[in-house]
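Trainee: Kindly generate the corresponding structure for this input.
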Amino acid sequence: MKTDIASIYRGAWAFALACPLLFLVPVLVELAQHIVEWQAGMYNGIAGAKAAETDPLRLQFGFAKTLAILLPGYWFTRYILFDRDAARARRIEWPAIGLWLILFALNALQQWWTLFGPSLTGLIGLTGTAAQWTGYALALLGAIAGIYFVAWTVAWTLGNTAIGPIRSARIVAGSFWRTVLLILAGVLPLMIAHYALSFAAIFGPALLDWPLLLLDALVVGLLALTMAGSNAVAARHVTMKKGIDLATGAAR
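Mentor: Numbers count the residues shown, from 1 in each chain. Now for the predicted structure:
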């Protein structure tokens, strides 16, 4: 486990240096969102943060940021699984790019619905406490499905259609909690740093706002990589454990 976690973070740093333009995509979009937030008064204390929280332009840039965070995933997943071969990882290969674009579109739709779409509980006529707990249950089911589908999403990024959702669930079975812990280890440290920097900019001296926000944008750039990397490393582990070639789906 420690080796896998280390490979996620070391790989992220190495990729940022080897493919700086790809690394900078979410960084620049995060900076653009910070400009919108700053203009809306978000970093003028708690009152400003509350007022700017639902600013329509901020939400639109927030959606753009979620897409930007997903974008390096194609290249970084391949970078990790191709032994940090940057030249090979940067290639746009078919059918891998087409399959990944399908996954990207599904993720984009989910993110759009979360930000701008109607409540699913409202659509089925639930209100109050029933709607709240049903919402929690749906979120939990979605998170569990994401764990079981990790081999599928990574295999498609490599162009391997032999591993789909059902086979992915079977492959992950028996390694569910290890996969959860690995993904959390690849996401939580930078996520905590992201929120800590944002809070520091809100409550700290105005002089420190932009140094903190610039650092936060870089953290988000790394987070985009470690999110994809934790899935890639988790998929690599579960397929190796089951004796399956992640790139082809064939038995080893």
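Trainee: only C-alpha atoms for contact and neighbour calcs from this point on.
Mentor: Will do.
Trainee: Which helix runs longest in the chain?
Mentor: Ranked by residue count and defined by DSSP state H, the top helix of the chain is helix 209-241.
Trainee: ok, the residue lying closest to Ala96 once chain neighbours are set aside - contacts?
Mentor: Spatial nearest neighbour of Ala96, excluding adjacent residues (Cα to Cα, 6 or more residues apart in numbering): Gly159 at 3.6 Å. Applying Cα atoms under 8 Å, 6 or more residues apart in numbering to Gly159 gives the contacts Glu93, Trp94, Pro95, Ala96, Ile97, Leu99, Ala247.
Trainee: picking that back up, mind giving me the packing neighbours of the longest helix of the chain?
Mentor: Identification of packing neighbours for helix 209-241 by 3 or more Cα pairs under 8 Å, 6 or more residues apart in numbering; DSSP states H and E yields helix 2-18, helix 20-39, helix 56-70, helix 73-81, helix 150-157, helix 165-172, helix 176-203.
Trainee: mind running it again at 10 Å?
Mentor: The elements that helix 209-241 packs onto, with contact taken as 3 or more Cα pairs under 10 Å, 6 or more residues apart in numbering; DSSP states H and E, are helix 2-18, helix 20-39, helix 56-70, helix 73-81, helix 128-148, helix 150-157, helix 165-172, helix 176-203.
Trainee: got the buried residues for the helix or strand hosting Gly48?
Mentor: Per DSSP states H and E, Gly48 falls inside helix 46-52. Using 16 or more other Cα atoms under 10 Å as the test for burial, helix 46-52 gives Gly48, Ala49, Ala52.
Trainee: and of those residues, the nearest to Leu103?
Mentor: Taking Cα to Cα as the measure, Leu103 lies nearest Ala52 of the buried residues of helix 46-52, at 31.4 Å.
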